[in-house]
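> The following block contains a protein sequence and its predicted model.
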Amino acid sequence: MFDTNSFADRIFSLKKGDAAAFEALAMEAFRYQSAENDVYGRFIKALGVDAASVDSIHKIPFLPISLFKSMKVVTGGFIPQEVFTSSGTTGMAQSRHYVKSLELYRRSFFTSWELHYGPVEDYAVLALLPSYLEREGSSLIVMADGFIKRSRHPESGFFLYQHEELRDRLEKLSSSGVKILLLGVSFALLDFVEKYSVKLPETAVVMETGGMKGRRKEMVREELHAILKEGFGVRSIHSEYGMTELLSQAYSKGAGLYTTPPWMRIRIRDAHDPLSPLAGTGHRGGIDVTDLANIDSCCFISTEDLGINHEDGTFEVLGRITGSDIRGCNLMVAE
């Protein structure tokens, strides 16, 4: 019987750079999920891979992320505490992530945040997330709500479109010496700086979570960050890289260079061949994510994001992959 609580204890105790321990846990997760996850197991068989022959993490198949739109990707049988759904334009199929344990998700995002930024209790947390607050099933809202409640700061809270109130709150906090975390979806942060300009202290973290959500024209990261840096008077804009289908996040403290927590790893694959990972670093291709916290769903996800990995362990997200390379794999499972 697989003990997910024990597994969680071990992944959250991983030390950065301990490759042997990470690989041992990844292999343990693969053996469990290949046997107990119906969708993943069928995908592996459709590829002609014998799960018993997979003896290293380099041979582990990664599940196309678009399968979350059409199939129930779960490991074992359980009644979900929550179902996270992806945002998307009207008429588009949504990804659905069936979450067995919200406590596991909370443990993941709190631990990852503290590894990157220190205790969230040190911050007043202001969340400008209108598009997410206006719908059900957002994993980002659960994370932001967790940050706000744990910060226990009276000025922490959510904002929809109360830009004047947000400006007043930021100015008050800036003069108080309290660390500020402003977490916002990209279009909402842009809307704010078009109306107001504030000078935040150097300790402030302005973090964009990506996405114009059809509200504004898309723009490259450098352009977006330049506008936000000027509007908030900060030297860098931080970013969060996460998705509905995962239970962990990577963070960038500037220049779009992301780092992962010890239980999460990125690899780059050939963008034109989803089943061909690229060895080494410095490659531009599709992003595959190993997220060991995602033990009740699938830990090995092939995303539709384009990226590049670097020798120092950081990675960049360059955009989306066009075409149907990954969807081609899905047909093998959907038969």
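Thanks, I have the structure now.

> where do the strands sit along the stretch 51-200 of the chain?
Counting by DSSP state E, counting those that start in this stretch, one finds strands in the stretch 51-200 of the chain at the ranges 63-64, 82-85, 96-99, 123-128, 157-159, 179-184.

> and the fifth one, how far out from the chain's middle?
Centroid separation between strand 157-159 and its chain, computed with Cα atoms, centre = their mean, to the nearest Å, is 21 Å.

> do the same with the fourth one
With Cα atoms, centre = their mean as the basis, strand 123-128 stands 18 Å off its chain's centre.

> So what touches it?
117, 144, 147-148, 151, 153, 155-159, 166, 169-170, 173, 178-185, 188-189, 192, 205 (Cβ atoms under 8 Å, 6 or more residues apart in numbering). Glycine gets a C-beta too; all of them are placed from N, C-alpha and C.

> I figured Val142 hits Val83, correct?
No - look at Val142 against Val83 with Cβ atoms under 8 Å: they stay out of range, at 11.6 Å.

> more neighbours, those two?
Each of Val142 and Val83 has its neighbours counted (other Cβ atoms under 10 Å); Val142 has more, 18 against 13.

> Identify the residues contacting that one.
Val142 sits next to 82, 84, 102, 105-106 when contact means Cβ under 8 Å, 6+ apart.

> Now the buried members of those residues.
82, 84, 102, 105-106 (16 or more other Cβ atoms under 10 Å).

> between the residues you listed, which is closest to Ala21?
Tyr105 (22.2 Å; Cβ to Cβ).

> I figured that closest one hits Ser139, correct?
Yes - the pair Tyr105 / Ser139 is scored as a contact, 7.2 Å apart, by Cβ under 8 Å.

> Low-confidence bits of the stretch 101-250 of the chain, can you list those?
211-218 (pLDDT under 70).

> at 50 what do you get?
Applying pLDDT under 50 to the stretch 101-250 of the chain flags no residue at all.

> Could you pull out the helices in it for me?
102-117, 130-133, 139-151, 163-174, 186-195, 221-232 (DSSP state H, counting those that start in this stretch).

> Distance to Asn37 for the contacts of Val142 - can I get that in JSON lines?
Output for the contacts of Val142, formatted as JSON lines (distance: Cβ to Cβ, whole Å):
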{"residue": "Glu82", "distance to Asn37": "19"}
{"residue": "Phe84", "distance to Asn37": "17"}
{"residue": "Leu102", "distance to Asn37": "20"}
{"residue": "Tyr105", "distance to Asn37": "18"}
{"residue": "Arg106", "distance to Asn37": "23"}
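
> Pull the most distant pair out of the residues you listed.
Top of the distance list for those (Cβ to Cβ): Phe84 and Arg106, 13.2 Å.

> mind checking the longest strand of this structure?
strand 300-309 (DSSP state E).

> The next helix or strand after it: which residues count as buried?
Next helix or strand after strand 300-309 toward the C-terminus (DSSP states H and E): strand 315-320. For strand 315-320, the neighbour count (16+ other Cβ under 10 Å) marks 315-318 as buried.
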